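**Student:** Here is the input, now give the coordinates:
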Amino acid sequence: MVTILTAAVVGIEARTVTVACDVEPGLPAFDITGLSESAVRETRVRVRSAIRHAGLRFPDGRVIINMAPADLRKDGTSFDLPMALGVLAADGQLPAGCLDGWVVFGELSCTGAIRSVCGAIVIAEWAASQGLGVICPADNVTECLAVLPPDKVRSASALSDVVAFLVAGDWPAAYAGEPPRNPMRTSSLCWSDVRGHAQAKRALEVAAAGGHNVLLCGTPGTGRTMLARRLTTILPPMDPHEQREVTRLFSVAGLL
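**Tutor:** So this is what the prediction gives:
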């Protein structure tokens with residue numbers, strides 16, 4: 001029995017998920033338990049194909065995977081990579097304990113490529129709070145480096161690379177990538193483009209200065225969208241906490 005840590009994104013928060021894998025003798029089968037949605041149940045197809053296309057051996061016996069806690073509904077494709085590594089570790093193809101202290105997430109293609117997932121920065125924040133590192137897709141490494149030091153971030157673009165690094169016990173530091181940089185906010189829109197709407201503009205200026213919420217109501221064509229798009233151009237610069245909150249929302253929505 002092998003256990004691997006991963007996380008489920010619930011809203012804009014991450015919840016601990018433990019993937020327990022076991023390979024038993026018997027007729028070939030691949031069972032997944034733990035209140036998984038259809039996308040997770042389809043993981044068995046991607047994992048089996050990814051392992052074989054990576055030049056590795058899929059176990060001949062019965063593969064059982066349990067995702068705990070069972071009362072937490074699990075959806076998405078970020079569980080592909082931890083399941084695949086769990087199957088290989090349970091079959092003895094990975095060194096014992098090589099995944100201790102790491103949170104693993106990532107989507108697998110049928111060819112063994114590792115694809116990015118939504119909410120990577122949310123999972124990385126949870127890992128940081130637990131004192132753990134992350135093994136993530138190469139396309140998510142920038143998000144993870146925003147909250148974790150480079151020595152706590154490991155990434156790869158293929159399942160075969162992850163297995164090779166874990167077997168060798170040496171993961172090149174270059175795979176961690178470079179720390180992200182915050183670009184200056186630019187926009188082609190300008191608040192001065194708006195003509196009239198004195199009352200609405202005054203309300204939005206007060207909201208922008210005081211950090212208040214705004215609800216724009218009116219019939220189509222009155223300029224609500226025009227005003228809303230230009231509101232961001234008069235907002236004060238975000239502090240680091242606000243930057244993190246906005247980034248979390250975009251990350252979960254897959255818009256980064």
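
**Student:** any idea how far Leu249 is from Gly210?
**Tutor:** 21 Å (CB to CB, to the nearest Å). To be clear about C-beta, it is placed using only N, CA and C from the backbone, and glycine gets the same treatment.

**Student:** Those two: who's more crowded?
**Tutor:** Taking other CB atoms under 10 Å, Gly210 and Leu249 do not tie; Leu249 has more neighbours (13 against 7).

**Student:** Below-threshold pLDDT in the stretch 151-256 of the chain: ranges please.
**Tutor:** Within the stretch 151-256 of the chain, the ranges that satisfy pLDDT under 70 run 172-187.

**Student:** those helices in it, which residues are they?
**Tutor:** For the stretch 151-256 of the chain, the helices defined by DSSP state H, counting those that start in this stretch occupy 159-168, 198-210, 224-231, 240-253.

**Student:** Let me have the ones you listed in JSON lines, adding distance to Ala14 as columns.
**Tutor:** Output for the helices of the stretch 151-256 of the chain, formatted as JSON lines (distance: least, CB to CB, whole Å):
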{"stretch": "helix 159-168", "distance to Ala14": "21"}
{"stretch": "helix 198-210", "distance to Ala14": "31"}
{"stretch": "helix 224-231", "distance to Ala14": "30"}
{"stretch": "helix 240-253", "distance to Ala14": "10"}
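
**Student:** The ones you listed: which one's closest to Gly92?
**Tutor:** helix 159-168 (11.5 Å; CB to CB).

**Student:** so what does the closest one touch, helix or strand wise?
**Tutor:** The contact analysis (3 or more CB pairs under 8 Å, 6 or more residues apart in numbering; DSSP states H and E) places helix 159-168 against helix 80-90, strand 153-156.

**Student:** now that helix and helix 80-90, what's the angle there?
**Tutor:** With axes from the mean of the first three to the mean of the last three CA atoms, to 10 degrees as the basis, helix 159-168 and helix 80-90 are set at 40 degrees to each other.

**Student:** Pull out the buried positions in helix 159-168.
**Tutor:** Using 16 or more other CB atoms under 10 Å as the test for burial, helix 159-168 gives Leu159, Ser160, Asp161, Val162, Val163, Phe165, Leu166.

**Student:** Next: stretch 15-23.
**Tutor:** For stretch 15-23, burial by neighbour count (16+ other CB under 10 Å) applies to Val17, Val19, Ala20, Cys21, Asp22, Val23.

**Student:** doesn't Arg62 make contact with the last one?
**Tutor:** Yes - when contacts are counted by CB atoms under 8 Å, Val23 is listed as touching Arg62 (7.2 Å).

**Student:** distance between stretch 70-84 and the chain's centre?
**Tutor:** Its chain's C-alpha centre and that of stretch 70-84 lie 12 Å apart, by CA atoms, centre = their mean, to the nearest Å.

**Student:** Near Arg195, how many residues? Count them for me, please.
**Tutor:** Applying other CB under 10 Å, I find that Arg195 has 8 neighbouring residues.

**Student:** now it: how far from Phe30?
**Tutor:** Counting by CB to CB, the gap from Arg195 to Phe30 is 64 Å.

**Student:** Quick one: classify Thr111 as helix, strand or coil.
**Tutor:** What DSSP: H, G, I helix; E, B strand; the rest coil gives for Thr111 is coil.

**Student:** What's opposite the residue lying closest to Ala29 once chain neighbours are set aside in the beta bridge?
**Tutor:** Residue nearest to Ala29 in three dimensions, not counting chain neighbours: Arg62, with 4.5 Å by CB to CB, 6 or more residues apart in numbering. Beta-bridge partners of Arg62, counted by DSSP bridges, are Glu24, Ala29.

**Student:** The nearest residue to Leu94 once chain neighbours are set aside: what's it in contact with?
**Tutor:** Nearest residue to Leu94 in three dimensions, chain neighbours excluded: Leu88, at 5.0 Å (CB to CB, 6+ apart). Counting by CB atoms under 8 Å, 6 or more residues apart in numbering, Leu88 touches Ile51, Leu56, Leu94, Val163.

**Student:** Identify the farthest-apart pair in these.
**Tutor:** The span of the contacts of Leu88, defined through CB to CB, is set by Ile51 and Leu94 at 11.7 Å.
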